[in-house]
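A.B. asks: The amino acid sequence is not available; the structure is as follows:
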Ligand SMILES: Nc1ncnc2c1ncn2[C@@H]1O[C@H](COP(=O)(O)OP(=O)(O)OP(=O)(O)O)[C@@H](O)[C@H]1O
């Protein structure tokens with residue numbers, strides 16, 4: 001396994017944001033993490049990336065227990081994440097923004113910029129390298145966020161809603177980019193609300209609801225799970241939907 005998260009609990013004062021949650025991502029896999037708003041998905045990413053210590057539980061990465069490792073050490077070992085709210089350095093151009101990631105492994109400016117250019121080509125930003133980051137569209141900023149994380153040359157990439165805010169054609173355009181990253185050997189765990197994308201990209205999906213991992217499996221099975229339907233649509237929803245189907249049959 002590339003990533004094994006075991007029995008994580010995260011308390012903020014009296015609030016239990018995550019309760020005894022586990023998940024694993026195989027080497028080379030592309031796994032989804034879904035769940036209603038406030039379920040604890042971003043908090044779990046923060047714990048995996050090392051920005052917060054869990055109240056209880058362990059995180060193993062590529063064979064080592066990294067639970068107490070700080071975020072910058074995890075980055076060196078190959079964990080990168082994107083952020084839901086993209087905040088590029090507005091005063092820098094696209095190349096310089098991507099280089100913020102590539103400096104991790106390429107301390108010389110020329111090397112960092114060369115790496116940034118290679119990553120820009122991979123995510124479809126080659127034509128924008130000299131433009132100010134502030135001039136990018138929302139879709140461009142999402143690609144920039146992907147590029148910045150990729151430029152650190154991760155083994156494990158944590159994508160936090162990279163498709164949020166994009167229209168259907170922008171989503172169609174960016175899905176092959178994610179597939180390409182995976183095909184290049186990077187293991188991916190993605191938080192995503194766009195179910196169409198989860199269905200087409202992920203071979204396994206975990207469902208977090210109110211801090212608990214309530215289901216996991218292939219996306220089609222998970223979406224048919226009564227507990228999952230109820231977590232999204234409220235108690236009794238699965239029965240109403242199945243009843244509806246029966247009525248049409
Ligand atoms: N630093 C913090 N201090 C206190 N409470 C927090 C903190 N971080 C997160 N929470 C709470 O933990 C819960 C889980 O939040 P989280 O952002 O992880 O959910 P999420 O599944 O990512 O939701 P969304 O899809 O809306 O981004 C929420 O109730 C949130 O208010």
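C.D. replies: Structure received. This one's a predicted model, so the numbers in the text were calculated from it and none came from an experiment.

A.B. asks: buried set for stretch 74-82?
C.D. replies: Neighbour-count burial for stretch 74-82 flags 74, 75, 77, 78, 79, 80, 81, 82 (criterion: 16 or more other CB atoms under 10 Å). All C-beta spots, glycine's among them, are computed from the backbone N, C-alpha and C.

A.B. asks: Now for the first one: which residues touch it?
C.D. replies: If you count contacts by CB atoms under 8 Å, 6 or more residues apart in numbering, residue 74 has them with 49, 50, 61, 66.

A.B. asks: Arrange the residues you listed in a markdown table, one row each, with distance to residue 180 and neighbour count as further columns.
C.D. replies: Shown next, in a markdown table, are these (distance: CB to CB, whole Å; neighbours: other CB atoms under 10 Å):
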| residue | distance to residue 180 | neighbour count |
| --- | --- | --- |
| 49 | 23 | 18 |
| 50 | 27 | 22 |
| 61 | 23 | 23 |
| 66 | 27 | 18 |
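
A.B. asks: Looking at the record's assignment, how would you partition the protein?
C.D. replies: Using automatic domain parsing, the domain parsing of the chain gives 1-78+154-219, 85-153.

A.B. asks: Model confidence for the most centrally placed residue in the chain, exactly?
C.D. replies: For the chain, the residue nearest the mean C-alpha position is residue 159 (2.0 Å; CA atoms, centre = their mean). If you check residue 159, the pLDDT there is 97.

A.B. asks: Can you list the residue ranges for strands in the protein?
C.D. replies: Assigned by DSSP state E, the chain shows strands spanning 3-12, 15-25, 30-34, 56-61, 64-65, 79-81, 156-160, 187-191, 204-209, 212-217.

A.B. asks: how big is the angle separating the first one from strand 30-34?
C.D. replies: Strand 3-12 and strand 30-34 meet at an angle of 20 degrees, taking axes from the mean of the first three to the mean of the last three CA atoms, to 10 degrees as the criterion.

A.B. asks: Show me what strand 3-12 is packed up against.
C.D. replies: Judged by 3 or more CB pairs under 8 Å, 6 or more residues apart in numbering; DSSP states H and E, strand 3-12 is in contact with strand 15-25, helix 41-49, strand 56-61.
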